[in-house]
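S.K.: Quick one: sequence and predicted model below, then my questions.
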Amino acid sequence: MPRILLIEDDQQLARNLIRFLQTESFEIVHAAGQTDGLYAFETQHFDCALVDLSLQDGNGFSVCSEIRKNSDLPVIFLTASADEACTVAGFEVGADDYIGKPFRPRELVARIKNAMRKKQVSPQQLRCGNVAIDPVRGVVTKNGSELFLSALEYRLLLVFFTNKEQLLSRDRLIDELWSVSSEFVSDNTLNVYMKRLREKIEDDPQNPKIIRTVRGLGYKAVDA
């Protein structure tokens, strides 16, 4: 049963939404504000979040920004505002959809299902921490947003993700890059590509959590 995090401070609207969504086979966890909502997000698993823009102890933009730091959980904003600037701002902080109040319940259900479908991880997808590779499409995402890698950066990441938790020597990685570029790859070239790759996938490239250095031996990809 899909689990929905509902962050809405209008108690009457929340009760009505909970009753309706439960009849549509959703499990609902309700939080009335930003603090309780983010605590629920951090301590429980959800398949989608419905977030009101105006909250008594914060706002939906802040909630979405915090969620996006660690997750690609689908986020749908609920708002009484039809202001274009609010809509644009919502998408800029990472919202997946935006529905104005009052809304038609059936339309909301359709949007929830659509948002969850878009974020589903396919069986072919490789994931490590908040970074995922779809080898079928050749797409790399971080927190659900696409990253743009060069061919060699992509190949390097693919080697790490297909050998997750395994120690990979520098010689092994150099051989992999050489097979793609068909050109001589030096030790220094590997350093350059490791630095570029970490700058794109790591939250803090100076303190990498996804691709870790095993001093004197090589590197290892781990779930951050």
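M.R.: Alright, I've got the coordinates.
S.K.: Only C-alpha atoms from now on, for both contacts and neighbour counts.
M.R.: Will do.
S.K.: quick one: low-confidence ranges for this structure?
M.R.: 81-87, 120-124, 179-185, 224 (pLDDT under 70).
S.K.: how about 80 then?
M.R.: 1, 70, 80-91, 118-125, 136-137, 176-187, 224 (pLDDT under 80).
S.K.: How much space separates Ala31 from Arg15?
M.R.: Ala31 is 11 Å from Arg15, where distance means CA to CA, to the nearest Å.
S.K.: more neighbours, those two?
M.R.: Just comparing Ala31 and Arg15: by other CA atoms under 10 Å the higher neighbour count belongs to Ala31, 21 against 12.
S.K.: For the more buried one, list the residues it contacts.
M.R.: Leu5, Leu6, Ile7, Glu8, Asp9, Gly37, Ala40 (CA atoms under 8 Å, 6 or more residues apart in numbering).
S.K.: Just the ones in helices from those residues, please.
M.R.: Gly37, Ala40 (DSSP state H).
S.K.: Looking at the contacts of Ala31, point me to the pair that's furthest apart.
M.R.: Of all pairs drawn from the contacts of Ala31, the greatest distance, 14.9 Å, lies between Asp9 and Ala40 (CA to CA).
S.K.: what are the ranges of the strands in this protein?
M.R.: Assigned by DSSP state E, the chain shows strands spanning 3-7, 27-31, 48-52, 54-55, 58-59, 75-79, 97-100, 126-128, 131-134, 139-142, 145-147, 211-214, 218-221.
S.K.: Out of those, the one nearest Arg117 is which?
M.R.: When the strands of the chain are compared (using CA to CA), the closest one is strand 48-52, at 10.4 Å.
S.K.: all helices of the protein, in order?
M.R.: 11-23, 34-43, 60-70, 84-92, 105-119, 151-162, 170-181, 187-201.
S.K.: want to throw the ones you listed into JSON lines with distance to Leu50?
M.R.: Formatted as JSON lines, the helices of the chain follow (distance: least, CA to CA, whole Å):
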{"stretch": "helix 11-23", "distance to Leu50": "10"}
{"stretch": "helix 34-43", "distance to Leu50": "10"}
{"stretch": "helix 60-70", "distance to Leu50": "9"}
{"stretch": "helix 84-92", "distance to Leu50": "13"}
{"stretch": "helix 105-119", "distance to Leu50": "9"}
{"stretch": "helix 151-162", "distance to Leu50": "32"}
{"stretch": "helix 170-181", "distance to Leu50": "43"}
{"stretch": "helix 187-201", "distance to Leu50": "27"}
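S.K.: Which one of the ones you listed lies nearest to Arg127?
M.R.: For Arg127, the closest of the helices of the chain is helix 151-162, at 7.0 Å, according to CA to CA.
S.K.: now the angle between helix 187-201 and that closest one, please.
M.R.: 70 degrees (axes from the mean of the first three to the mean of the last three CA atoms, to 10 degrees).
S.K.: Quick check: which helices or strands does helix 151-162 pack against?
M.R.: Judged by 3 or more CA pairs under 8 Å, 6 or more residues apart in numbering; DSSP states H and E, helix 151-162 is in contact with strand 126-128, helix 170-181, helix 187-201, strand 218-221.
S.K.: wait, which of those is closest to Gly94?
M.R.: helix 187-201 (17.2 Å).
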